[in-house]
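Engineer: the sequence and its predicted three-dimensional model are supplied below.
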Amino acid sequence: MSQTTSVDEKLKDGSRSPSEILEVESQYSIDPHAETRLRRKLDLRILPIVTITYTLLFLDRGNVGNAKSAGLVADLKLGTYDFNIGTSLFYLVYLILEVPFALLVKKYGFRLVPISVVCFGIVTISAAFMHNKAGFYLTRIFLGTAEAVTMPGISYLLTRYYRRGELTLRVGCFMLLAAGCAGAFGGLLAAGLLSVGKIGSRKSWQNIFLVEGIITIGIGLLFIWLFPTDPETTSMLTEEERSLVLARMRADQPAIKDTKEEISPKLIKRGFLSITTVACVWLYIVDNLSVQGLGIFLPSILKANYPEATAIRIQLLAVPVYVCAAGVALLTTWGCVRFRVHWPFCLFGGICTVVGYSIWIATEATQKEARYAACFLNMTGGFINGPVVLGWAASNASPDTIRAMVGAVVTGFGGIGSIAGVWAYVATDAKTGYHAGNSFNLSCAASLCVGCIALMLYQRSENAKRERGERDYRLQKPGVDTLGSLHPSFRYIH
């Protein structure tokens, strides 16, 4: 490790010219055996904690769908569109606050993530005491505020520990295991809590919010002490491991002087307007139409498909949909890392979604098995592209400020798709089997297929231009150490 340490010191020397920095970069020699041991340790120490954290987020966000199928709308006397308005308020607040909160995490550290878990656990418990429309709206607004810290914080944490080519599988692990566990466990837990009767003064759907909120707060308080901190200061790494983590960061980001540069307006602008990020925002928006729309309305959709089924059976029918989707999607994120490519897996997810919604549109209400199978395809396609698109964006983000922002920008503006997904399934369309909502999702899934091919072609073209030296002029301008993904030696992982 002595060699990488000396290289780190040289790279911090701001007096070096761009050509000297490039020469120093070529001196990196990272022991692959030490790197394998480090990666294994990071997987065992970081992934379980962030997966549990995101499971709680997904559980507390999606339990309103279980509550809806158990009578929440009638009990709160919500009008035809009130449920959709309340759910949209959650995503609107989430969209507005994610980027500012991501920059706060960069500035003040990762402890903000478990603190946010405690906060949205408190909000979830308060939802058990809602008794009218105003209470429903307020709890959704406060839940969106509390959860806006969590996802960008986790995404940024992973970019601080893992290399570009390793990210997508790790993003997939925490997103998919969490979504699958939250969907399956949430359905089973909801079914159990609905059959319990009263818990104190609470009953029916109120039990769901009460128990899940208590679980969330308990785990959040524990994670305040267990959640990983920055690799430059964490006590979970030895000094040799810390040097290796920092060397891996520098090897992945051409010409950087510091692994955490100062936040600047120029970098914030690039964080919003990078072509890759903008493209991934669109892909995430249309993917969110399926994931968030189905995540909240799957019980309602299943109820429309099986009108004679009890509330408990509806919860149980949703469980295998989540498990299957998470399993298939996790395999695709492994493929992204194994083959160092994203676009074919993104395209596969889009095709699954297109086929699934086509089945719903083309079949009659009596063809229940076909429509139930379509739910598997729709959820699988949605689950695939959540981590694949976010991993695609994060793998091509540099320097550190843009890495901190990318998860927030993609998932935050991706919330537009969540809002649209909420309005794709309105109560007045239930009698048609949600034909309008499924048609809307079908057209958006088709645009996802086109978008992922277009982004791949752009990145291939840009890599070819850099190979030919057409971007070398950037080395003659000031600020080479913050070029990051714009650096001539940076190659996109498409």
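Structural biologist: Right, received. Where do you want to start?
Engineer: helix or strand for the closest residue to Asp60 other than its chain neighbours, which one?
Structural biologist: Closest residue to Asp60 in three dimensions, ignoring its sequence neighbours and counting by CB to CB, 6 or more residues apart in numbering: Thr124, at 4.6 Å. All C-beta atoms are positioned from the backbone trio N, CA, C, and that covers glycine. If you go by DSSP states H and E, Thr124 is part of helix 112-127.
Engineer: counting by contacts, list what that helix packs against.
Structural biologist: helix 47-69, helix 82-108, helix 133-147, helix 150-161, helix 205-226 (3 or more CB pairs under 8 Å, 6 or more residues apart in numbering; DSSP states H and E).
Engineer: now the angle from the shortest one to helix 82-108?
Structural biologist: When you say that, I think you mean helix 150-161. 30 degrees (axes from the mean of the first three to the mean of the last three CA atoms, to 10 degrees).
Engineer: which helices and strands does helix 150-161 pack with?
Structural biologist: helix 47-69, helix 82-108, helix 112-127, helix 167-196, helix 368-395, helix 400-413.
Engineer: these: which one's closest to His33?
Structural biologist: Counting by CB to CB, His33 lies closest to helix 167-196 out of the helices and strands packed on helix 150-161; the figure is 20.1 Å.
Engineer: got the contact list for the next helix or strand after the closest one?
Structural biologist: Next helix or strand after helix 167-196 toward the C-terminus (DSSP H and E): strand 198-199. Contact with strand 198-199 is made by 193, 207, 210-211, as judged by CB atoms under 8 Å, 6 or more residues apart in numbering.
Engineer: before we move on, the earlier item: contacting residues for the residue nearest to Asp60?
Structural biologist: 60, 63, 143, 209, 212-213, 216.
Engineer: identify the farthest-apart pair in these.
Structural biologist: Farthest pair in those (CB to CB) is Leu143 and Glu212. Separation: 11.9 Å.
Engineer: what is in contact with the two at once?
Structural biologist: Contact criterion CB under 8 Å, 6+ apart; residues shared by Leu143 and Glu212: 60, 124.
Engineer: could you list the buried residues of the helix ranked longest in the chain?
Structural biologist: Longest helix in the chain by number of residues (criterion: DSSP state H): helix 435-467. By neighbour count with 16 or more other CB atoms under 10 Å, helix 435-467 contains the buried residues 437-438, 440-442, 444-446, 448-449, 451-452, 455-456, 459, 462, 466.
Engineer: quick one: list the elements packing against that helix.
Structural biologist: helix 275-305, helix 343-362, helix 368-395, helix 415-424.
Engineer: quick one, the third one and helix 167-196 angle?
Structural biologist: For helix 368-395 and helix 167-196, the angle between their directions (the same axes, to 10 degrees) works out to 140 degrees.
Engineer: show me how far helix 368-395 is from its chain's centre.
Structural biologist: 13 Å (CA atoms, centre = their mean, to the nearest Å).
Engineer: tell me which residues in that helix are buried?
Structural biologist: Across helix 368-395, burial judged by 16+ other CB under 10 Å covers 371-395.
Engineer: before we move on, what about the last one?
Structural biologist: Within helix 415-424, the residues that qualify as buried by neighbour count (16+ other CB under 10 Å) are 415-422, 424.
Engineer: which single one of those residues is nearest to Asn305?
Structural biologist: Ala424 (16.5 Å).
Engineer: give me every residue that touches the closest residue in space to Leu194 that isn't next to it in sequence.
Structural biologist: The shortest distance from Leu194 to any non-neighbouring residue, by CB to CB, 6+ apart, is to Ala70 (5.5 Å). Contacts for Ala70 (CB under 8 Å, 6+ apart) come out as 190, 194, 204-205, 208, 311.
Engineer: tell me how far Ala70 lies from Met130.
Structural biologist: Noted for Ala70: a distance of 13 Å to Met130, by CB to CB, to the nearest Å.
Engineer: residue contacts, Arg270?
Structural biologist: Counted by CB under 8 Å, 6+ apart, Arg270 has contacts 402, 486.
Engineer: sec struct for it, please.
Structural biologist: helix (DSSP: H, G, I helix; E, B strand; the rest coil).
Engineer: neighbours of the spatially closest residue to Ile214 that is not a sequence neighbour, how many?
Structural biologist: Spatial nearest neighbour of Ile214, excluding adjacent residues (CB to CB, 6+ apart): Ile125 at 6.6 Å. Counted with other CB atoms under 10 Å, residues neighbouring Ile125 total 20.
Engineer: could I get the pLDDT score of Ile125?
Structural biologist: The score at Ile125 is 96. That number is its pLDDT.
Engineer: what's around Gly469, how many residues?
Structural biologist: 9.
Engineer: my guess is it meets Pro488, correct?
Structural biologist: Yes - judged on CB atoms under 8 Å, Gly469 makes contact with Pro488 at a distance of 7.3 Å.
Engineer: returning to that earlier point: among the contacts of strand 198-199, which one sits closest to Val171?
Structural biologist: Of all the contacts of strand 198-199, Val171 sits closest to Val211, with 29.0 Å by CB to CB.
Engineer: now the closest one: closest residue in space, sequence neighbours ignored.
Structural biologist: Leu193 (5.9 Å).
Engineer: one more: Leu294?
Structural biologist: Met379 is the one closest to Leu294 (CB to CB, 6+ apart), at 5.6 Å.
Engineer: what stretches of this structure score poorly on pLDDT?
Structural biologist: Within the chain, the stretches with pLDDT under 70 are 1-29, 183, 292-293, 295-297, 430, 433.
Engineer: what about the residue nearest to Asp60, distance to Leu143?
Structural biologist: 7 Å.
Engineer: tell me, what's touching the two both at once?
Structural biologist: In contact with both Thr124 and Leu143: Asp60, using CB under 8 Å, 6+ apart.
Engineer: quick check, Asp472 in contact with Pro488.
Structural biologist: Yes - checked against CB under 8 Å, the pair Asp472 and Pro488 is within contact range at 5.0 Å.
Engineer: neighbour count for these two, which is higher?
Structural biologist: Neighbours were counted for Asp472 and for Pro488 using other CB under 10 Å; Pro488 has more, 21 against 12.
Engineer: name the SS class of that one, please.
Structural biologist: coil.
Engineer: any idea how many residues pack against the residue nearest to it when sequence neighbours are not counted?
Structural biologist: Leaving aside its sequence neighbours, Pro488 sits nearest to Arg471 (CB to CB, 6+ apart; 4.4 Å). Neighbourhood size, Arg471 [other CB under 10 Å]: 17.
Engineer: and what of the one 5 residues further on?
Structural biologist: Here the neighbour count serves as a burial measure; for Gln476 (other CB under 10 Å) it reads 8.
Engineer: how much space is there between it and Thr380?
Structural biologist: Gln476 is 48 Å from Thr380, by CB to CB.
Engineer: same thing with Phe490?
Structural biologist: Phe490 is 33 Å from Thr380, by CB to CB.
Engineer: repeat for Val211
Structural biologist: 29 Å.
Engineer: contacting residues around Gly386?
Structural biologist: Per CB under 8 Å, 6+ apart, neighbours of Gly386: 175-176, 179, 284, 287-288, 291, 329.
Engineer: now do Ala309
Structural biologist: 302-303, 317.
Engineer: one more pass at 10 Å, please.
Structural biologist: Taking CB atoms under 10 Å, 6 or more residues apart in numbering, we find Ala309 in contact with 69, 302-303, 315-317.
Engineer: equivalent analysis for Thr55, please.
Structural biologist: By CB under 10 Å, 6+ apart, the residues touching Thr55 are 174-175, 177-183, 185-186, 216, 219.
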